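Student: no sequence on this one, just coordinates:
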């Protein structure tokens, strides 16, 4: 299967020149069902050779080196290192050609850059990471005033599909009472439908980040383009990447 830029999602944000970003879809890889086709997760039971080829294709197309993470739903933010797989849920970089990379299959990927175009970051934010403060930690890692930060929210499970327990709602409300607007009672008693996008926007606003773009794509509902763990627990992973374009030699 051929693979090109048309198989990727390109963020709709006013990033400065030199900042590049994308999100992969299911299209363009060599993995067999149920991981078909561009699975980038090496921890989901897919053929390791297929995952390696998918990653090779991606990096060859983008012209950068991806810095993969061992994601644990925490708040650790590390400097992106393409030579090591670090345990963290976010990474930042000021090095051209090194792509901050996170994998998701329902959790929310958030990409950051500064308005000067000198530093970027990528974050894996499920509800646990959001409530624990992974976005705030990532904004701090950018090392610039919050009003100089741009954020883009990538594809995640939508509010019509993300059912959670009352304890999740209470955890968010304990920190930000306005988060009540992001929860709607489910048809199942004691359960709520949660809006990850709205929760992220609330927390970013509280951190001083007002330039927030993206949101609205649902991984659960769009089986053609996206993997979704809630839809099919045995599935692949999407990758969201942001990097500084290398300076031509």
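Tutor: Great, that's in hand. Model, not experiment: these values are computed from the prediction.

Student: Contacts for the helix or strand hosting residue 128, please.
Tutor: In the assignment (DSSP states H and E), residue 128 maps to helix 127-132. With contacts defined as Cβ atoms under 8 Å, 6 or more residues apart in numbering, helix 127-132 is touched by 73-75, 89, 107-108, 123, 135, 164, 168, 171-172, 175, 194, 196, 199-200, 203. The C-beta positions use only the backbone N, C-alpha and C, and glycine is treated the same way.

Student: if you set the cut-off to 7 Å instead, what comes out?
Tutor: With contacts defined as Cβ atoms under 7 Å, 6 or more residues apart in numbering, helix 127-132 is touched by 73-75, 89, 164, 168, 171-172, 194, 196, 199-200, 203.

Student: gap between the very next helix or strand once past it and the chain center?
Tutor: Using DSSP H and E, the helix or strand that follows helix 127-132 in sequence is helix 134-141. Centre-to-centre, helix 134-141 and its host chain are 14 Å apart (Cα atoms, centre = their mean, to the nearest Å).

Student: same for helix 134-141, what does it pack against?
Tutor: Here helix 134-141 touches strand 77-79, strand 90-93, strand 120-125, helix 196-206, going by 3 or more Cβ pairs under 7 Å, 6 or more residues apart in numbering; DSSP states H and E.

Student: With adjacent residues omitted, what lies nearest to residue 185?
Tutor: Leaving out its chain neighbours, the residue that sits closest to residue 185 by Cβ to Cβ, 6 or more residues apart in numbering is residue 192, at 6.0 Å.

Student: Just the closest of the contacts of helix 127-132 to residue 215, please.
Tutor: Here the nearest of the contacts of helix 127-132 to residue 215, counting by Cβ to Cβ, is residue 200; it sits at 7.9 Å.

Student: what's the single longest helix in the chain?
Tutor: In the chain, with assignment by DSSP state H, the single longest helix is helix 48-62.

Student: about what we covered before: for the residue nearest to residue 185, list the residues it contacts.
Tutor: 164, 166, 169, 183-186.

Student: Quick check on the residues you listed: which are buried?
Tutor: Buried members of the contacts of residue 192, counted by 16 or more other Cβ atoms under 10 Å: 164, 169, 183.

Student: Now do the same contact list for the first one.
Tutor: Pointing back at residue 164 there. 127, 191-192, 194.

Student: could you redo the last one with a cut-off of 6 Å?
Tutor: 192, 194 (Cβ atoms under 6 Å, 6 or more residues apart in numbering).

Student: Distance-wise, check it relative to residue 211.
Tutor: 28 Å (Cβ to Cβ, to the nearest Å).

Student: Fine by me, thanks again.
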